[in-house]
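Engineer: got a predicted model here, sequence first, then my questions.
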Amino acid sequence: MSRKWVENLFRPLAVGIMVGCVALAIVELLQPMVPDWNASFFFVACVLVAMEAHYSFRVIQARSEFHTEVWKARAIELATLFILIKLGGYLGDPWAEVVANVRAWPDDLGHLFDAETVAASALALVSWLISTQTARDWQRLDEPSTHHPGERPAFEGLAQRFFWGGGILLAVSGLARTGLTALLDLDRPSISGLVLNVLVYFGLGLFILGQVRFVTLRKAWRAQEIDISAGLAGRWLRYSLAFLALAGLLALLLPTRYTMGLLDAVSRIAEIVFQIVGFIYLLLMFLLSLPMWLLSLLMGKQEGAPPPRLDAPSPQLSRPDRTLGIGWPQWVQAVAFWILALGIASYVLWSYVRGHPEIWKALASFAPLRLLRALWRTLRRRFRSWATTVQRRLRRQAPEERDERAPGATRRFWLGVRSPRERVLYQYLSVLRRARRNGFPRRAPETPREYGTVLKPNLTEVQPEVDSITAAFVEARYSRHPVMPTQVGQAREWSQRIKTALRALRSGRSPGGRRAGRRD
Amino acid sequence: MVGLASFLVISLVIASLLRIDFFFTIVYLFFLAYALSHLWVRWMRRGLRLGRRFVDHAFFGDQVTVRLEVRNASWLPVPWLALHESLPVQLAAPAGYRRVFGLGPRGRRQFQYTLHCRQRGYYPVGPLSMETGDLLGIARPGRMQLPSEYIIVYPKVVPLQRLGLPTHSPQVALPAASPLFEDPTRVMGVRDYQRGDSPRRIHWTATASAGRLLVKQYQPAIARDTLICLDMDRDGYGQRQQYAASELAIVAAASIAHHIAVRERLPVGLTTEAQDPLVDDRVRFFLPPRRERAYVMQVLEVLARVQMTQGTPLADLLRRGSADLSWGTTIVVITGRESTALFGNLVYLRRAGFAVSLILVQPARPSADLQRHADLANVPVHRVWHERDLELWS
């Protein structure tokens, strides 16, 4: 797009449209209050004044050399605009009425400065000011960079004006739709539907900001005499449109409605968590009491007694009147919405604080926060040292038990759930534990048979049992064929005899055993 | 972008208060623009690859082409990329290469520029800085850097027609190195094999017992080595023309080394003490005389790097440099200032069995006393004021 098209057509048109969007929102707000006023005229006047201001700024800047000339031109311009607005206010009125009104001006200035004219003029003046400042910022963008201390960069000025206008637009447009009286009603339903002037304002504004960013950068590059590759402007335009389209598409897909308030959503989540916990509790109780109930049935003591029921308690934490009638899709939508909303607010705040470290420092120096941080650090340090101590103690105990425990044998919390193979392993390991307590620990490199040769001289009366349980352990540990339950019974017998012999040895009663010397 | 964060929060509050669905869409739009811009810049930085290629050794007068390559390894386009390569002012004007361009997804761009080697030295090429950002100016621009690499520009070598250096050989210039000046009957030892040694010199018995290649070392009848002793002390040159004189001295040293090694095919070495930009410190260089042509490049590389320094007396350099030289080696002293002490050192070296020659670069007019010392020392003195004086040497 050539520069002339951009300066003479696109820029004033864009400013006019954006100002018109805000003016439209103001007109929508005022119209219910003053239905007699010509709302269309207000809107058109603001748009035309904004466009005119852009042209007049450029013309006056080009032709006037002195400040006095500029002020004179401005005064004439504003006076002309006022007259035109006044005349425009008469549009649609009968001619006789207009003449009578004009004749009354000298006698009663209230006919000249009536409320409609004043309001229209005020709106037009604001439009004119905004457009003039925007035109000035655009001119500064196009000119070679000259740094004036204290002067705000043009891009910043444009962006801030855009955000201010956007905020006012949202507020006014929203008030126009909800109404002032309904504002305080927090239970009112949400208003759906497209708000065209808001869409046009922000869409056009973001696009323009993207182009302004490019112009700013290009000016800086040219000032540094950097070669700019051809086609960069076109590429920028395409990427801007694609980026905004993508962001817009994603924004349309995200949830905007919430049938539940934030507190309701939080309480609903808490309710579900409690329900889950309660269900797990009941399940545990059921599983624990089921064997007792079955046993009582078998013994015939409680005939017909029903098993415990799995009714999960449902603590009513939320107010029923708010959650009744809300299905799961709406609930999920509401939760997703609140997560997004809170996520946005948190992310923005976090980014802001991260970009302003002085705020972080100020917060850190705040006394209650400092105390909280110190407390947190202390708790964390204590917890870590406790965890380290526990780990160290477990490791000290674990090596002896680890040697006795066959690799792959797991400890089960529930008794009687072990397989025959595991029970055989358990019997052998229990013998090892007892022998260690009696001063015969197994050394790490010793195989079961080697350990057996160490134990047997001390337990002469149970030497066959020692051999047998060692063989049973080796078979259970290393073989692939299944272990029979009868072998479990045998292993239990052998381990009992060995333990008895060890007990006797410790007490010194065993006649056959000789204390071959404790192992260190 | 100034005000975006505040606008997001305010618009979120307005949308929540007014409960208008479309306003939330606007909030999402700005938040997504904010978040996507940050993510885009971060991914762009991760996906960009920079590369630089050039020949890092060049001769005086050469033009070296430096090629830069920028590659986008990600699937996201790069809307703009500002590239800035710092260049030494001695080799390029302006002292920087700058471009702004865009890169498509998986795109690649190559650039090249030329360095004009119009001054010898050791120069940094780079660093290469790159800056990129998003379309709306929301995220902070991402910056990357490719560290500097260095280029060595050898000093100018002036073709010498003839050198008037004293040697004990009946012929100053021989087409090839001759074993006449080594007595093969008098083996004075063995040393490790060096590239260029004749296989006939290999001492097979010693090699077998030592397990590595050893060659015989013969007693030289007369050494035909040449050692260039270059004075890089500021006090060795006149104050007014210090820089020009020292550069001319380096050109002289380079030209002599090249002539001896390439034209006369005789061993040549270099000793000097100077500021070395490679280590940013004063360094004493001693390159013993060797005859390989590739060795000359090492000599030239040292001459390319050295810069003037302070407090490096020539006498000390001569004494240390001559300690490891064979009897009969020719020592060529290059300096800018003659003095009684200098002539005394030269006489000492002559008496020690070396052949000495003095090259004065842009010297001041000698006093009568100095002239008498020069005559008494009986040392050939060559005076050089311009490069053409080297060319016309006879």
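Structural biologist: Structure's in. What do you need?
Engineer: rank the helices and strands of chain A by mean pLDDT and give me the bottom one.
Structural biologist: The weakest-scoring helix or strand in chain A, judged by mean pLDDT, DSSP states H and E, is helix A:320-323 (a mean of 46).
Engineer: which one is residue A:42 nearest to, not counting chain neighbours?
Structural biologist: residue A:27 (5.0 Å; C-beta to C-beta, 6 or more residues apart in numbering or on different chains). Using the backbone N, CA and C atoms, a C-beta is placed for each residue, glycine as well.
Engineer: gap between the one you found and residue A:105?
Structural biologist: For residue A:27, the distance to residue A:105 equals 26 Å [C-beta to C-beta, to the nearest Å].
Engineer: of these two, which one has the most company?
Structural biologist: The neighbour count for residue A:27 versus residue A:105, taken as other C-beta atoms under 10 Å in any protein chain shown, is higher for residue A:27 (21 against 13).
Engineer: can you pull the contacts of that one?
Structural biologist: Counting by C-beta atoms under 8 Å, 6 or more residues apart in numbering or on different chains, residue A:27 touches A:39, A:42-43.
Engineer: where does it fall, secondary structure wise?
Structural biologist: Using DSSP states H and E, residue A:27 maps to helix A:11-30.
Engineer: how far is that helix from where the chain is centred?
Structural biologist: Relative to the chain's own centre, helix A:11-30 is displaced by 35 Å; criterion: C-alpha atoms, centre = their mean, to the nearest Å.
Engineer: likewise stretch A:346-363?
Structural biologist: 17 Å.
Engineer: is it in proximity to chain B?
Structural biologist: Yes - against chain B, stretch A:346-363 shows contacts by C-beta under 8 Å from any C-beta of the partner chain at A:347-349, A:351-352.
Engineer: what subset of those residues is buried?
Structural biologist: By neighbour count, with 16 or more other C-beta atoms under 10 Å in any protein chain shown, the residues of stretch A:346-363 next to chain B hold A:347-348, A:351 as buried.
Engineer: closest one of the residues you listed to chain B?
Structural biologist: The nearest member of those to chain B, counting by C-beta to the nearest C-beta, is residue A:348 at 4.9 Å.
Engineer: quick one: mean pLDDT over the lengthiest helix in chain B.
Structural biologist: Longest helix in chain B by number of residues (criterion: DSSP state H): helix B:21-47. The pLDDT scores in helix B:21-47 average 90.
Engineer: what packs against it?
Structural biologist: Helices and strands touching helix B:21-47, by 3 or more C-beta pairs under 8 Å, 6 or more residues apart in numbering or on different chains; DSSP states H and E, are helix A:154-178, helix A:196-223, helix A:232-253, helix A:328-355, helix B:4-18, strand B:128-132, strand B:142-146.
Engineer: check whether the last one contacts chain A.
Structural biologist: No - contact between strand B:142-146 and chain A, assessed by C-beta under 8 Å from any C-beta, is absent, since the two come no nearer than 14.1 Å.
Engineer: what residues of that strand count as buried?
Structural biologist: Buried residues in strand B:142-146, defined by neighbour count with 16+ other C-beta under 10 Å: B:142, B:144, B:146.
Engineer: the third one too?
Structural biologist: Taking 16+ other C-beta under 10 Å as the neighbour-count basis, helix A:232-253 is seen to contain the buried residues A:232, A:235-237, A:239-240, A:243-244, A:247-248, A:251.
Engineer: so what touches that helix?
Structural biologist: When contacts are defined by C-beta under 8 Å, 6+ apart, helix A:232-253 is touched by residues A:203, A:206-207, A:210-211, A:214, A:218, B:25-26, B:28-29, B:32-33, B:36, B:77, B:79-80, B:100-102, B:135.
Engineer: at 7 Å what do you get?
Structural biologist: A:203, A:206-207, A:210, A:214, B:25, B:28-29, B:32-33, B:36, B:77, B:79-80, B:100-102, B:135 (C-beta atoms under 7 Å, 6 or more residues apart in numbering or on different chains).
Engineer: what does the last one give?
Structural biologist: With contacts defined as C-beta under 7 Å, 6+ apart, strand B:142-146 is touched by B:41, B:44-45, B:48, B:50, B:52, B:126-133.
Engineer: okay, angle between it and helix B:21-47 too, please.
Structural biologist: Taking axes from the mean of the first three to the mean of the last three C-alpha atoms, to 10 degrees, one finds strand B:142-146 and helix B:21-47 inclined to each other by 10 degrees.
Engineer: contacts only, for residue B:282.
Structural biologist: Taking C-beta under 7 Å, 6+ apart as the test, what residue B:282 contacts is B:273, B:275, B:309.
Engineer: ok, so of those residues, who is nearest chain A?
Structural biologist: Nearest to chain A, judged by C-beta to the nearest C-beta, of these is residue B:275 at 33.7 Å.
Engineer: the residue lying closest to residue B:189 once chain neighbours are set aside: helix or strand, and which one exactly?
Structural biologist: With C-beta to C-beta, 6+ apart as the criterion, residue B:189 has its nearest non-adjacent residue at 4.7 Å, and that residue is residue B:217. Here residue B:217, judged by DSSP H and E, is contained in strand B:214-220.
Engineer: I'd like to know how many residues surround whatever residue of the stretch 251-394 of chain B ends up closest to chain A.
Structural biologist: Residue of the stretch 251-394 of chain B nearest chain A, by C-beta to the nearest C-beta: residue B:277 (28.6 Å). Residue B:277 has 15 neighbouring residues, counting by other C-beta under 10 Å.
Engineer: ok, it to residue A:45 distance?
Structural biologist: Residue B:277 is 72 Å from residue A:45, by C-beta to C-beta.
Engineer: also residue B:152?
Structural biologist: Using C-beta to C-beta, we find residue B:152 at a distance of 74 Å from residue A:45.
Engineer: my guess is the residue nearest to residue B:189 contacts residue B:191. True?
Structural biologist: Yes - with contact defined as C-beta atoms under 7 Å, residue B:217 reaches residue B:191; the gap is 5.2 Å.
Engineer: below-threshold pLDDT in the chain: ranges please.
Structural biologist: With no chain named, the answer covers chain A. A:1-2, A:64-65, A:144-150, A:183, A:185-187, A:258-265, A:300-326, A:355, A:397-417, A:508-520 (pLDDT under 70).
Engineer: please refer instead to chain B.
Structural biologist: B:1-2, B:161-186, B:219-223, B:366-367, B:390-394.
Engineer: where do the helices of it begin and end?
Structural biologist: Here chain B has its helices, by DSSP H, at B:4-18, B:21-47, B:204-210, B:242-258, B:293-305, B:314-322, B:340-351, B:368-377, B:387-391.
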